[in-house]
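Any chance you could fold what I've pasted below:
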Amino acid sequence: MSGLEFEQRKYPFREEPPALDPIDVPEFLARDKSIQVNDLQDDEVLLTADTLVSLDGRIIGKPGDKAEAYTILERLSGRTHEVITGVALRRSENLKSFRTKTEVSFDTISPNEIKEYIERFNPLDKAGAYGIQEGIGLTHIGRINGCFFNVMGLPMRDLFRALKEF
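Numbers count the residues shown, from 1 in each chain. Predicted coordinates for the structure are as follows:
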């Protein structure tokens, strides 16, 4: 384990993707979230992050409903997409950020497999409409180029290194 102690806090962030290249959006949003926090104590380190999925240079967010989840998974089927996470670390006025990109290649997913996944799991709370640790993520990812943990939620290796330097 990392041995890091942490406390999770929730804040109402604005999260409007700016008109940037998708590779830059998550880091921008992580930094933007960080500067919105006004109650940071001097001895605290704030970590904020944002993750998106990109296919063909276009951002794929969280689906709004099951029909949109189906469309997203159908588009990802048999293709390679990118999962990009931006992370910001802040202590007082010192702000450092980075991004991690992972390429994920899906095998072909049949329409019935997509429908079953949508019924059994919750694709609505996930960018790209899937979780790597469940259902389609477990059975249809043929290749990952980059950090597995980035796709699961947070690029731990890169985060650990950034914290050591911070």
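
Could I get the full set of helices for this structure?
Secondary structure of the chain (DSSP state H): helices at 25-36, 66-76, 111-120, 136-139, 148-152, 156-165.

Export only the CA atoms of the second one, formatted as CSV.
In this case it means helix 66-76. Extracted in CSV, the C-alpha atoms of helix 66-76 (Å, rounded to 0.1, in the frame of the first residue of the first chain):
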residue,chain,number,x,y,z
LYS,A,66,-29.3,3.5,-21.4
ALA,A,67,-29.8,4.3,-25.1
GLU,A,68,-26.8,6.6,-25.1
ALA,A,69,-24.8,4.0,-23.2
TYR,A,70,-25.7,1.5,-25.9
THR,A,71,-24.6,3.9,-28.7
ILE,A,72,-21.3,4.6,-26.9
LEU,A,73,-20.4,1.0,-26.4
GLU,A,74,-21.4,0.2,-30.0
ARG,A,75,-18.9,2.9,-31.1
LEU,A,76,-16.1,1.6,-28.9
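
That helix versus helix 111-120: what angle between them?
Helix 66-76 and helix 111-120 are oriented at 140 degrees to each other (axes from the mean of the first three to the mean of the last three CA atoms, to 10 degrees).

before we move on, back to that, so which of the helices of the chain comes closest to A19?
Closest to A19 of the helices of the chain, according to CB to CB: helix 25-36, at 9.3 Å. The way it works is simple: take the backbone N, C-alpha and C, and place the C-beta from them, glycine included.

Now do the most centrally placed residue in the chain, the pLDDT please.
Among the residues of the chain, the one closest to the centroid is T51, at 2.6 Å (CA atoms, centre = their mean). You'll see T51 listed with a pLDDT of 92.
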